[in-house]
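# A structural model of the following input is requested.
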Amino acid sequence: MSFEYLKHVTDGLDRDAVLDDLMKAYGRDVWNYALFLTRNRELADDIAQDVFVKVYERLYSYRGESSIKTWLLAITRNTARDAMRSSWLRRVMLLPGKLISSDEHPSAEREALQRELVHDIWSIVLHLPAKLREVLLLHAHHGLGMKEMAALLGLSEGTVKSRLFRARAQASRMLDKQNRQHEHEPSVRGEEKWT
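Residues are numbered from 1 along each chain as shown. Just a heads-up that it's a prediction; the model follows:
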């Protein structure tokens with residue numbers, strides 16, 4: 001199917017139908033590219049979903065300077081880059097009671113550090129404003145996607161996405177600040193300072 005006509009459209013298009021056609025034609029390409037960039041299936045799912053939310057919102061901004069596939073893959077690359085840059089995603093993904101770790105059999109020390117990190121992160125999440133905390137918990141802890149959260153909260157997907165972005169950014173800043181404070185403390189928890 002050709003999408004050449006999209007560069008000439010400025011309004012009045014059935015965006016749902018066009019999005020459905022784009023997802024059928026290029027959904028697998030978008031997801032595969034996201035997987036290639038992230039090497040994480042769940043993150044590739046989220047990125048592919050985010051890409052098509054962006055496409056839906058920006059459908060009238062497609063200018064035809066490149067093919068529709070190139071445009072979609074550029075959005076995918078930028079979305080994946082933003083996700084991978086996020087210190088929130090690099091550090092932790094909230095799951096019931098555990099952190100994702102590359103080590104299947106962590107040492108007792110590593111487990112203790114992970115428990116402490118989980119505690120610190122939950123403490124930060126619980127201090128976020130209610131509307132940011134809600135979308136972050138629905139997404140990270142309960143695994144809801146943008147559409148599901150939008151329907152549940154009675155908000156537009158754009159609003160949900162914006163709140164999720166702000167929640168991650170604020171939580172990341174708070175965690176960075178907390179880490180900097182711990183670096184400047186004279187002693188680590190549970191240890192005496194020897195002089």
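# Give the other helices and strands that the helix or strand where D46 lies contacts.
Per DSSP states H and E, D46 falls inside helix 41-58. Applying 3 or more C-beta pairs under 8 Å, 6 or more residues apart in numbering; DSSP states H and E, one finds that helix 41-58 makes contact with helix 15-38, helix 68-85, helix 146-153, helix 157-183. Glycine gets a C-beta too; all of them are placed from N, C-alpha and C.
# how about the last one: buried residues?
With burial defined by 16 or more other C-beta atoms under 10 Å, the residues of helix 157-183 counted as buried are 157, 160-161, 163-164, 166-168, 170-172, 174-175.
# Export only the CA atoms of the helix holding D46, formatted as PDB.
Extracted in PDB, the C-alpha atoms of helix 41-58 (Å, rounded to 0.1, in the frame of the first residue of the first chain):
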ATOM      1  CA  ARG A  41      11.500  -7.300  24.000                       C
ATOM      2  CA  GLU A  42       9.400  -5.500  26.600                       C
ATOM      3  CA  LEU A  43      11.100  -2.200  25.900                       C
ATOM      4  CA  ALA A  44      10.700  -2.800  22.200                       C
ATOM      5  CA  ASP A  45       6.900  -3.300  22.800                       C
ATOM      6  CA  ASP A  46       6.700   0.000  24.700                       C
ATOM      7  CA  ILE A  47       8.800   1.800  22.100                       C
ATOM      8  CA  ALA A  48       6.800   0.500  19.200                       C
ATOM      9  CA  GLN A  49       3.600   1.600  20.900                       C
ATOM     10  CA  ASP A  50       5.100   5.000  21.700                       C
ATOM     11  CA  VAL A  51       6.100   5.400  18.000                       C
ATOM     12  CA  PHE A  52       2.600   4.800  16.800                       C
ATOM     13  CA  VAL A  53       1.200   7.200  19.400                       C
ATOM     14  CA  LYS A  54       3.600   9.800  18.100                       C
ATOM     15  CA  VAL A  55       2.600   9.000  14.500                       C
ATOM     16  CA  TYR A  56      -1.000   9.400  15.300                       C
ATOM     17  CA  GLU A  57      -0.400  12.700  17.000                       C
ATOM     18  CA  ARG A  58       1.900  14.000  14.200                       C
END
